[in-house]
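In: missing the sequence, but the structure's below:
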């Protein structure tokens, strides 16, 4: 079964319907939108085994991973449901009037976040469920009050179609207007481009390659009315191994890193692609231990042929660079007989070469990691200063050693959206404190997260209401605070 | 006295110094940054009469306005000082670890906002104090922890130089590192462009023309690493006069609007440039009353020759459009003998012409307002749907009549950052609930305000700290909450 690309007229109809739906959906109570999101979660669970099998067959991902991803998808739908039902996310501020203030009376002003408008979400190749049709972008946009138009990822179009069916069913059972959710196929660029250029579209969510994300970002900025694009694109997630701690625990550190490098065949945006360490006994032992772990690793199948071919090509390019030495590469499993096997691979290069050669800082999407051998901490700091914006930066070291290097943490903060001590970047917890984002080119907008409750702020903007009669105010701003939300009331936090 | 343009090498030095200062300044406590902002306010007051006289001579603005603007400038410096000293603005979220969670342990993650980096601020022609050298952009960026590089507005360069002197003095008395504030002159585009293109610059604040703001926005997006530009550009601030209420109070409404149109010679971004009403007795009486008020108005001098010439040109263009009828124009005062007089002017046009002619929706910067005569509320709603993004939208009408038109308010919300009932858009209160911003082209980013405490969020981004030992966490995220700020702690608001 394959799906026909949407025509340009179908794109237009979908967006126009989304706009009409927006004008009512945006005003729905948190409770009503929450019921819809919970129904989406229920209906996805209701798809049962068919969803798991379809996703497995389209992505090569194992059953446990798909089931885990389904849990994460229904989990974030329910998390956003709880969050908007509680309601404080609108950042309500109330400043009451002071009519007798001199020289001028102070008017009554109140403010809250409102929904941006129809949002286009591109399904992500590497997360057929959690970042696709009912993924984090969709759930957060719907939670904020924005209709969503999905451009299904062609590599898992059937999975996308199934999830869309579940969402359409949830719309019916929870009384949502037609157009709150739309699902379009498009194997080429045309459908996506038409969606991003449509005047009624107000924001875009994308997870994928740098080339793809940057193209959408540029397109959106060239519109007559530019719109925000939240693209998560490219990150090599540097991991700094502090020398004293490494010498004490080379073996444990190697096991930790090997697990993170090979997890999900390295197909995570948080894969540790760059390891920074100071030359010495600790590093040599670490490389020996890591090589031993990696050589034992069983190569998994990558998501699809295109991604596997790209991995082989990019890795070969990296290995061909001056100063780069292959440390270890896992053997393919001949029994699998599939050229899509992503072989875990670790190489190393001297810091001096890394500093001279920008291509070594580019992402190799897959289970590949490059160790940068630094002469000393000064050179390591130079390498850190040199890397681009990242989703994460990690430091492996004991507290006493980490605290000796305050400038290292200070610079790492400039480079990433999440800092980790004694841990690996893979594993993105879905919670209020999560920031899955980071300076360009990790994302196109470092001021927002794609994971966790704050993700819905991407799809909202503030509006002030001045001198409004109480009855005409949104409930969140009414005098009696009927929703019982947290507000800044005349300068103080109050419930 | 005139000032030499900064050379490109001076631009580079200024930004490099700002970057070095950033690496320490961003970590200063709220208390320390607050002391600096308060010192800035004190030093500006210490400039005394010299500042008032200089600003008056450079801008043609009257003494009371300059003194008022100075109060607003020192006021927002102190407001941001209080806000960051209190500290809850960093949106701290704490999620503690659950080591025994299955299937995977939950790590400890915490999040807060951090400063973006050096910010370039362009002085605004129409606010020599409140939106220029120590204006809202500067104060909010400094509050967030970002050094500021000012590109002084050439029309009030001496005023800018005086304020810069005050800030440099405040830096000394409050122990700020060199480079936290920089002041550059540039009469042409070269200095501004070099600043926006500099790799160490992380954001831009601008208030001025659409052409200027859009050019900076495009330049910033074309950088290798794009950066946000907060440009406040163009708004005609529609005011809807509801028919029944208008018939009851045409005179009062006319007096209210006349005051707003002529305030500050119409040189506010919130000037009511578009008035929408339904044809009938009420509207005719309103026009008669408004004409009477406007014809009595005394034209003030505009900021400088360029702005006055632009006003005359744009107004002539508007008046030359098909269907546009001049209703009233205040006479010049021959005793003033200055061609820079901005003559308050009101014209009208049928809705049908407005809907056909995009040029009628363009801003005429100055005391000009265009009344759109609508056949009925349906046509009025079409006009509202047709206007671009705005800073404000106002509705003048009794509560009972406003509540009869829910779709009007619903669409107005899509068009503006601030909605006003029974009030005029001029007069922008500085408070937590203020949103001075709006959909494009009013600003380049509708998700942020340029006025009020939330303005500092423009210059911050979130960072998560995963698995950090308590001692290595920023104070805002430490277990004991030593700063006593509001945080979301395991999902609940707590202090």
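Out: Looks like it arrived, so ask away. Given the structure is predicted, the values throughout are model-derived calculations rather than measurements.
In: surely residue A:402 meets residue A:243?
Out: No. In this structure, residue A:402 is not within contact of residue A:243 by CB atoms under 8 Å, at 11.9 Å. The way it works is simple: take the backbone N, C-alpha and C, and place the C-beta from them, glycine included.
In: what number of residues lie near residue A:425?
Out: Residue A:425 has 26 neighbours, counted by other CB atoms under 10 Å in any protein chain shown.
In: Can you name the residues of the stretch 201-350 of chain A sitting close to chain B?
Out: A:217, A:218, A:221, A:225, A:226, A:228 (CB under 8 Å from any CB of the partner chain).
In: list the buried ones in the helix or strand containing residue A:292?
Out: Under DSSP states H and E, the secondary-structure element containing residue A:292 is helix A:281-296. Neighbour-count burial for helix A:281-296, counted by 16 or more other CB atoms under 10 Å in any protein chain shown, picks out A:282, A:283, A:285, A:286, A:287, A:289, A:290, A:291, A:293, A:294.
In: So what's the gap between it and the chain middle?
Out: Remark: helix A:281-296 is offset 31 Å from the chain centroid, using CA atoms, centre = their mean, to the nearest Å.
In: Show the average pLDDT along that helix.
Out: In this model, helix A:281-296 has a mean pLDDT of 97.
In: what's the next secondary structure element after it?
Out: strand A:300-301.
In: Okay, now the sheet partners of that next one, with direction.
Out: Sheet pairing for strand A:300-301, assigned by DSSP bridges, gives strand A:341-342 (antiparallel).
In: Which other helices and strands does the helix or strand following the partner strand contact?
Out: Note on strand A:341-342: by DSSP H and E, the next helix or strand toward the C-terminus is strand A:345-350. Under the contact definition 3 or more CB pairs under 8 Å, 6 or more residues apart in numbering or on different chains; DSSP states H and E, strand A:345-350 sits against helix A:281-296, helix A:305-319, strand A:325-329, strand A:368-374.
In: what residues does the third one touch?
Out: Judged by CB atoms under 8 Å, 6 or more residues apart in numbering or on different chains, the contacts made with strand A:325-329 from elsewhere in the structure are A:287, A:290-291, A:294-295, A:319, A:343-349, A:371.
In: And for the last one?
Out: Counting contacts by CB under 8 Å, 6+ apart, the residues outside strand A:368-374 that touch it are A:257, A:261, A:266, A:271-279, A:283, A:287, A:311, A:314-315, A:318, A:324, A:327, A:344-351, A:354, A:360, A:364, A:380, A:383.
In: anything in the helix or strand hosting residue A:111 near chain B?
Out: According to DSSP H and E, residue A:111 maps onto strand A:109-115. Yes. For strand A:109-115, a contact with chain B is found by CB under 8 Å from any CB, at A:109, A:110, A:111, A:114.
In: how close does residue A:276 get to residue A:353?
Out: Counting by CB to CB, to the nearest Å, the gap from residue A:276 to residue A:353 is 13 Å.
In: cool, residue A:68 as well?
Out: Residue A:68 sits 39 Å away from residue A:353, going by CB to CB.
In: go on, residue A:217?
Out: 31 Å.
In: Give me the more crowded residue out of those two.
Out: Ranked by neighbour count (other CB under 10 Å), residue A:217 and residue A:353 place residue A:217 first, with 25 against 15.
In: Let's test this: what are the backbone torsions at that one?
Out: phi -60, psi -50 (degrees, to the nearest 10).
In: could you check the distance from it over to residue A:204?
Out: Residue A:217 is 9 Å from residue A:204, by CB to CB.
In: Now the common contact residues for those two.
Out: By CB under 8 Å, 6+ apart, the residues touching both residue A:217 and residue A:204 are A:229, A:231.
In: got the domain boundaries for chain A?
Out: A:8-233+A:446-489, A:239-421 (automatic domain parsing).
In: what's the distance between the first one and the middle of its chain?
Out: What that stands for is domain A:8-233+A:446-489. Mean-position distance between domain A:8-233+A:446-489 and its chain equals 14 Å (CA atoms, centre = their mean).
In: what's the span of it from first residue to last?
Out: This stretch, domain A:8-233+A:446-489, spans 48 Å end to end (CA to CA, to the nearest Å).
In: The shortest one too?
Out: Across domain A:239-421, the straight-line distance between its terminal residues is 9 Å, by CA to CA.
In: Read off the pLDDT value for residue A:271.
Out: 96.
In: try the one 3 residues further on
Out: Here the pLDDT value assigned to residue A:274 is 98.
In: Regarding chain A, what is its longest helix?
Out: helix A:63-86 (DSSP state H).
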